[in-house]
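Engineer: next input, structure requested:
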Amino acid sequence: MGATTAEHGRLGRLLLFTADQESARSVSTALHPQQWRIEVVELAKAAPEQAYASRHELGLFDFRSLSARDWPAVEDRVVGADIDWVALLPPGALDDPALCQIVSRHFVDYHTTPIDADRLSAILGHVRGMAQLRVRASQSPPTQAIGSNNPTMHRINRELRKAAASHAPVLIGGETGAGKELAARTLHTMSARANGPLVIVDCGALPQHLIQSELFGHERGAFTGADRRRTGRLEAAEGGTLFLDEIGDLPLEQQVSLLRFLQEGTIQRLGSTHPTTVDARVIAATHVDLAEAVRQGRFREDLYYRLNVITITLPPLRERRDEIDELATACFEELRAGTTCRARGFSRDAQLQMRQYRWPGNFRELRNRIQRAIVMGEGRLITASDLGLGPAPASGEACSLQQARRLAEREAIERALTAAGGNRSKAAEQLAVSRVTLYRLLTRHGLVPTDGGERPRGN
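Structural biologist: Take a look at the predicted model:
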């Protein structure tokens with residue numbers, strides 16, 4: 001059942017976290033010394049950020065001597081090491097709901113004492129074998145997570161990999177433009193459903209009167225103009241993944257239908273009297289606080305808990321300043337492929353301004369600015385001016401009230417343009433100014449592209 005020495009030709013590398021040496025001896029005695037090389041770490045002596053992934057294949061966490069106040073430390077250790085974990089539990093431990101949550105969230109298996117040497121060896125061997133199988137499967141073809149050397153993104157990538165191995169719904173949070181769709185695509189690509197369709201639905205962009213039909217389909221004659229049967233987006237995701245972007249904008253009526261699908265795995269087309277079974281995984285994303293929306297009555301509480309099985313929150317770009325150069329370079333290489341762009345990278349002042357800028361539009365804004373620079377730039381290096389980023393105060397340099405107001409005004413304009421998808425009329429409406437005023441502000445801040453476009457008329 002498990003991975004043995006004969007099968008793999010070498011000792012398994014096991015990390016044992018325990019509270020005392022006596023507990024460690026009982027485990028070491030139960031495991032065959034010709035199968036496992038065990039490193040014992042006492043919980044009280046372990047460094048919180050100590051990394052073990054490079055030296056071990058799996059971990060065994062001994063809960064027998066731990067009290068409930070020690071459990072947060074358990075999560076710190078198992079999340080910090082990128083390996084599979086097995087829990088060793090005292091009798092009756094799983095009667096505690098809080099411990100059940102920790103074990104189900106962070107551990108792939110568990111063994112309840114008294115220790116059965118054969119069963120514990122079988123569990124560890126099976127977990128080790130599955131870990132090795134995943135490594136071989138990941139080597140061809142390679143699967144890409146969201147690239148970054150930032151510790152925060154390493155954590156996000158670990159969460160994405162774990163979520164991809166499950167079929168449970170995933171709720172992705174984060175500010176507008178933070179890369180929620182990219183995370184959903186990554187989840188789909190790394191999952192067992194990668195060969196199936198990925199259907200993306202922007203809930204905020206669907207016409208109010210057509211949402212039910214768009215999502216769940218309709219039969220011929222279901223309403224005026226329904227001259228044929230239509231397959232809905234959810235049914236089109238059969239065998240794959242449905243990504244519901246901005247799920248917070250979904251009206252309450254359609255929330256009921258989505259809840260029914262998540263509970264029963266069936267949908268009902270408009271005009272039909274028979275349910276249709278659909279096998280599709282749901283990934284939802286939102287930039288709003290759904291818990292607050294529930295309190296305000298704008299989102300169903302039962303649907304919130306159905307969607308909120310696995311939660312991944314993406315950090316805004318302003319919290320990832322140390323990886324701006326890396327992200328910008330990767331984005332530049334992708335966007336310039338197949339173009340006649342003369343630029344071969346970013347100037348020093350462009351890199352400085354990108355690191356200092358607050359990026360209200362997050363990754364989407366970074367991508368848009370680089371795309372504009374590729375089209376409009378004329379030099380061998382993309383400059384801060386090509387990116388539309390003006391000079392910022394040097395580090396530690398004080399800025400006058402007038403400069404602060406000017407920077408805040410510029411950020412507000414850029415945020416409005418990003419939210420409006422570049423539509424100046426919508427941006428002007430959001431800023432409560434006329435189009436003419438917005439154009440003057442764009443000119444003042446150097447945000448008007450030199451494309452010879454028509455200037456707005458009127459006042």
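Engineer: do you know how far the nearest residue to Val282 once chain neighbours are set aside is from Asp20?
Structural biologist: Nearest residue to Val282, sequence neighbours excluded (Cβ to Cβ, 6 or more residues apart in numbering): Pro169, at 4.8 Å. Glycine gets a C-beta too; all of them are placed from N, C-alpha and C. Pro169 sits 40 Å away from Asp20, taking Cβ to Cβ, to the nearest Å as the criterion.
Engineer: likewise Gly221?
Structural biologist: Distance, Gly221 to Asp20, using Cβ to Cβ: 73 Å.
Engineer: what does the pLDDT read for the residue most central in space within the chain?
Structural biologist: When Cα atoms, centre = their mean is applied to the chain, the residue found nearest the centroid is Ala183 (4.4 Å). According to the model's per-residue confidence, Ala183 sits at a pLDDT of 90.
Engineer: contacting residues for the residue nearest to Val282?
Structural biologist: With contacts defined as Cβ atoms under 8 Å, 6 or more residues apart in numbering, Pro169 is in contact with Leu262, Arg281, Val282, Ile283, Ala284, Arg306, Leu307, Asn308, Val309, Ile310.
Engineer: need the helices for the stretch 51-200 of the chain, in chain order.
Structural biologist: Under the criterion DSSP state H, counting those that start in this stretch, the stretch 51-200 of the chain contains helices at 71-80, 97-106, 117-139, 151-164, 180-190.
Engineer: before we move on, what about the stretch 301-450 of the chain?
Structural biologist: In order along the chain, the stretch 301-450 of the chain carries the following helices (DSSP H, counting those that start in this stretch): 301-307, 324-336, 348-356, 362-376, 401-419, 424-431, 435-444.
Engineer: now, of the ones you listed, which is deepest in the fold?
Structural biologist: Among the helices of the stretch 301-450 of the chain, the stretch with the highest mean neighbour count (mean count of other Cβ atoms under 10 Å) is helix 362-376, at a mean of 20.
Engineer: who does that one touch, helix- and strand-wise?
Structural biologist: Counting contacts by 3 or more Cβ pairs under 8 Å, 6 or more residues apart in numbering; DSSP states H and E, helix 362-376 packs against helix 324-336, helix 401-419.
Engineer: least reliable of these by average pLDDT, please.
Structural biologist: helix 401-419 (a mean of 73).
Engineer: show me what that helix is packed up against.
Structural biologist: Other helices and strands packing on helix 401-419, by 3+ Cβ pairs under 8 Å, 6+ apart, are helix 362-376, helix 424-431, helix 435-444.
Engineer: dump the first one to CSV, restricted to CA.
Structural biologist: Okay, so that is helix 362-376. Only the C-alpha atoms of helix 362-376 are listed here, as CSV (Å, rounded to 0.1, in the frame of the first residue of the first chain):
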residue,chain,number,x,y,z
ASN,A,362,-3.1,47.0,-9.5
PHE,A,363,-1.7,44.4,-12.0
ARG,A,364,-4.3,45.4,-14.7
GLU,A,365,-3.0,49.0,-14.6
LEU,A,366,0.6,47.8,-14.8
ARG,A,367,-0.2,45.7,-17.8
ASN,A,368,-2.1,48.6,-19.5
ARG,A,369,0.7,51.1,-19.0
ILE,A,370,3.3,48.7,-20.3
GLN,A,371,1.1,47.9,-23.4
ARG,A,372,0.7,51.7,-24.1
ALA,A,373,4.5,52.2,-23.7
ILE,A,374,5.2,49.4,-26.2
VAL,A,375,2.9,51.0,-28.7
MET,A,376,3.9,54.7,-28.1
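Engineer: so what touches that helix?
Structural biologist: 174-179, 182, 316-317, 324, 327-328, 331-332, 335-336, 339, 341, 343, 354, 359, 361, 382, 386-389, 414, 418, 422, 449-450.
Engineer: that older thread, I'd say the residue nearest to the centre of the chain and Ile310 touch.
Structural biologist: No - with contact taken as Cβ atoms under 8 Å, Ala183 and Ile310 are classed as non-touching, separated by 11.7 Å.
Engineer: and the helices of the stretch 301-450 of the chain: which comes nearest Ile247?
Structural biologist: When the helices of the stretch 301-450 of the chain are ranked by distance to Ile247, counting by Cβ to Cβ, first place goes to helix 301-307 at 6.9 Å.
Engineer: got the contact list for the closest one?
Structural biologist: The contact list for helix 301-307 (Cβ under 8 Å, 6+ apart) reads 169, 171, 247, 255, 258-259, 262-263, 282, 284, 290-291, 293-294.
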